[in-house]
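Asks: This is a predicted model, with the sequence first.
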Amino acid sequence: MKKIVFVRHGQSEWNLANKFTGWTDVDLSEQGVKEAEAAGEILKKEGFTFDLAFTSYLKRATKTLNIVLDIMNLHWIPVIKSWKLNERHYGDLQGLNKAEMAEKVGEEQVHIWRRSFDTPPPALDEDDSRHPRHEKKYEELSESELPAAESLAMTIERVMPFWEKEIVPKIKAGQKIIVSAHGNSLRALVKHLDNISDDEISSLNIPTGRPLVYEFDEKMNVKDSYYLGDQAEIEAEMEKVKDQAKN
Ligand SMILES: O=C(O)[C@@H](CO)OP(=O)(O)O
């Protein structure tokens, strides 16, 4: 049986502060470290092992992966990092509080920014210091690849080719893989794997630090998918993500 494990990074400092984060490179919170440790523990307990890992360029995902691999004593496996697994770029909203914004512009508007399929948030100006063109870690990106704000649809356009080209062939070759990424880059993947419509994807929320397993048949059809851990707790965490912009 071919499998892959996805994990959204543990709670970040800005998840804790309820701020739009996107490509802002914030650290894990104390609770986020604990969530990453719990992810490693449950993967170990359930008998998972990996021979290859993927993560983004953002430290909340790379640190989560390092903690998981540390607990599983898998420091030695190759880790492939790509900006293509980064969180969706949240444009000019990055740094703003979600609930405060809902108070200001209304919950409906914030819901559109957070969960609509193809409406991007307001874009960053090119000379804004938060624009990725000013960061060394994105110097490999071409002009057309550098985002100033992304919708989920735009995120899908960079995540899915990476999935097809870099990850799927390795699953097919029998490699056991873990991907440590982000709420919206993982929503892009889950949308594809579960064949979720553009409308329905708006109600999908991914909790932090919970391993999500996908099982495939030989033709890479999804046979099963499930979160590891207490299902009631996981449901409650998904609801909390959904309600972040409630004031
Ligand atoms: O702020 C962000 O980058 C993401 C993930 O934390 O938020 P949201 O769930 O609102 O898309």
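Replies: It's in.
Asks: what sits against the residue positioned nearest the centre of the chain?
Replies: Residue closest to the mean C-alpha point of the chain, counted by CA atoms, centre = their mean, is His182 at 1.3 Å. For His182, the contacting residues are Arg8, His9, Ser56, Leu58, Arg60, Ala61, Leu85, Asn86, Glu87, Arg88, by CB atoms under 8 Å, 6 or more residues apart in numbering. For every residue, glycine as well, the C-beta is placed using N, CA and C.
Asks: What parts of this structure come near the ligand?
Replies: Within the chain, the positions near the ligand by CB under 6 Å from any ligand atom are Asn15, Phe20, Thr21, Gly22, Glu87, Tyr90, Arg114, Gly183, Asn184, Val241, Gln244.
Asks: now for the strand or helix carrying Asn184, which elements pack on it?
Replies: For Asn184, the element it lies in under DSSP states H and E is helix 183-193. Packed against helix 183-193 by the contact rule (3 or more CB pairs under 8 Å, 6 or more residues apart in numbering; DSSP states H and E) you find strand 2-8, helix 152-162, strand 177-181, strand 212-216.
Asks: Direction included, what does the first one pair up with?
Replies: Here strand 2-8 has these sheet partners by DSSP bridges: strand 177-181 (parallel), strand 212-216 (antiparallel).
Asks: Switch these over to JSON lines, and while doing so, append mean neighbour count to every line.
Replies: Listed next are the strands paired with strand 2-8 as JSON lines, based on neighbours: other CB atoms under 10 Å:
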{"stretch": "strand 177-181", "mean neighbour count": "27"}
{"stretch": "strand 212-216", "mean neighbour count": "18"}
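Asks: Output the longest helix belonging to the chain.
Replies: Taking DSSP state H as the criterion, the chain has its longest helix at helix 30-45.
Asks: Kindly format the C-alpha coordinates of that helix as CSV.
Replies: Provided in CSV are the C-alpha atoms of helix 30-45 (Å, rounded to 0.1, in the frame of the first residue of the first chain):
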residue,chain,number,x,y,z
GLU,A,30,5.6,27.1,22.6
GLN,A,31,2.4,25.2,22.0
GLY,A,32,3.4,24.7,18.3
VAL,A,33,6.6,23.0,19.4
LYS,A,34,4.5,20.7,21.6
GLU,A,35,2.2,20.0,18.7
ALA,A,36,5.1,19.0,16.5
GLU,A,37,6.4,16.8,19.3
ALA,A,38,3.0,15.1,19.6
ALA,A,39,3.0,14.6,15.8
GLY,A,40,6.3,12.8,16.0
GLU,A,41,5.2,10.7,18.9
ILE,A,42,2.0,9.5,17.3
LEU,A,43,3.8,8.7,14.0
LYS,A,44,6.3,6.7,15.9
LYS,A,45,3.7,4.9,18.0
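Asks: ok, residues contacting that helix?
Replies: With CB under 8 Å, 6+ apart as the test, helix 30-45 has contacts from 5, 7, 9-13, 15-16, 28, 60, 63-64, 67-72, 178, 208-211, 228-229.
Asks: Likewise for stretch 188-196?
Replies: Outside stretch 188-196, the residues touching it (CB under 8 Å, 6+ apart) are 6, 152, 155-156, 159-160, 163, 179, 181, 201, 204, 206, 212, 214, 222, 225.
Asks: so what's the closest residue to Ser202 other than its chain neighbours up against?
Replies: Spatial nearest neighbour of Ser202, excluding adjacent residues (CB to CB, 6 or more residues apart in numbering): Arg115 at 4.1 Å. Going by CB under 8 Å, 6+ apart, Arg115 touches Leu152, Ile201, Ser202, Ser203.
Asks: Okay, and which of the residues of the chain next to the ligand map to helices?
Replies: The helices, defined by DSSP H, take in Asn15, Arg114, Gly183, Asn184, Val241 from those.
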